[in-house]
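Asker: Generate coordinates for the sequence data below:
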Amino acid sequence: MSAKAAAWISYAALLVMWPLPMLGLEGSFVPVARFLELALALSGLAIVEGTGGMVGLFLLVLWGHVLVYAGLLYGVVSLLRRLVLDGMPGGLRAVALVVFVAALLGWSTLGRPYDTQFHHSKAHASLLEIYR
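Answerer: Alright, predicted model coming up:
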């Protein structure tokens, strides 16, 4: 497996699973994909209802989180690619990627690392509950 492919797979896994804080809502931690999901839903509402008042402000906040965090994670993965993945043999790189994604998936589904006010039943949620 190439270092570039491993980096892209790692990046996609982090976008979907790694909890990041929502600025302005204390204690809220969700993945970038959840911010994107909320931003797209609110964008649909803004198209129908307009962007006046809190809709427009919250739309900017959500899209800002998506862009900043996606860029931040891309930078982290790019740095790790240069420092770690480029120096590994292809077979070891593939094993390391499987272990990383499996550990991240296990942690995010078996634990409750996400904390959000945008969830219908519980504040603390697992990966399966947050995208329900």
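
Asker: distance between the helix-or-strand element of the chain with minimal mean pLDDT and the chain's centre?
Answerer: In the chain, no helix or strand scores lower on mean pLDDT, DSSP states H and E than strand 124-125, which sits at a mean of 79. Relative to its chain's centre, strand 124-125 lies at 15 Å (Cα atoms, centre = their mean, to the nearest Å).

Asker: And stretch 17-37, by the same measure?
Answerer: On Cα atoms, centre = their mean, the centre of stretch 17-37 falls 7 Å from the chain's centre.

Asker: One more: stretch 64-73?
Answerer: Chain-centre distance of stretch 64-73: 9 Å, with Cα atoms, centre = their mean.

Asker: Mind giving me the packing neighbours of the least confident helix or strand of the chain?
Answerer: Under the contact criterion of 3 or more Cβ pairs under 8 Å, 6 or more residues apart in numbering; DSSP states H and E, strand 124-125 touches strand 114-115. Placement of C-beta: from N, CA and C, glycine included.

Asker: how about the strands in the chain?
Answerer: Secondary structure of the chain by DSSP state E: the strands cover 20-21, 29-30, 114-115, 124-125.

Asker: So which of those strands is nearest Leu62?
Answerer: Closest to Leu62 of those is strand 29-30 (Cβ to Cβ; 10.7 Å).

Asker: Name the surrounding residues that touch the closest one.
Answerer: Pro19, Leu20, Pro21, Met22, Pro113, Tyr114, Asp115, Thr116, Phe118, Ile130 (Cβ atoms under 8 Å, 6 or more residues apart in numbering).

Asker: and what of stretch 97-113?
Answerer: The contact list for stretch 97-113 (Cβ under 8 Å, 6+ apart) reads 1, 6, 9-10, 13-14, 17-19, 29, 114, 124-129.

Asker: Just the buried residues of the residues you listed.
Answerer: Under a neighbour-count criterion of 16 or more other Cβ atoms under 10 Å, the subset of the contacts of stretch 97-113 counted as buried comprises 1, 6, 9-10, 13-14, 17-19, 29, 114, 125-127, 129.

Asker: what does the least confident helix or strand of the chain rub up against?
Answerer: Here strand 124-125 makes contact (Cβ under 8 Å, 6+ apart) with Arg112, Tyr114, Asp115, Thr116, His119.
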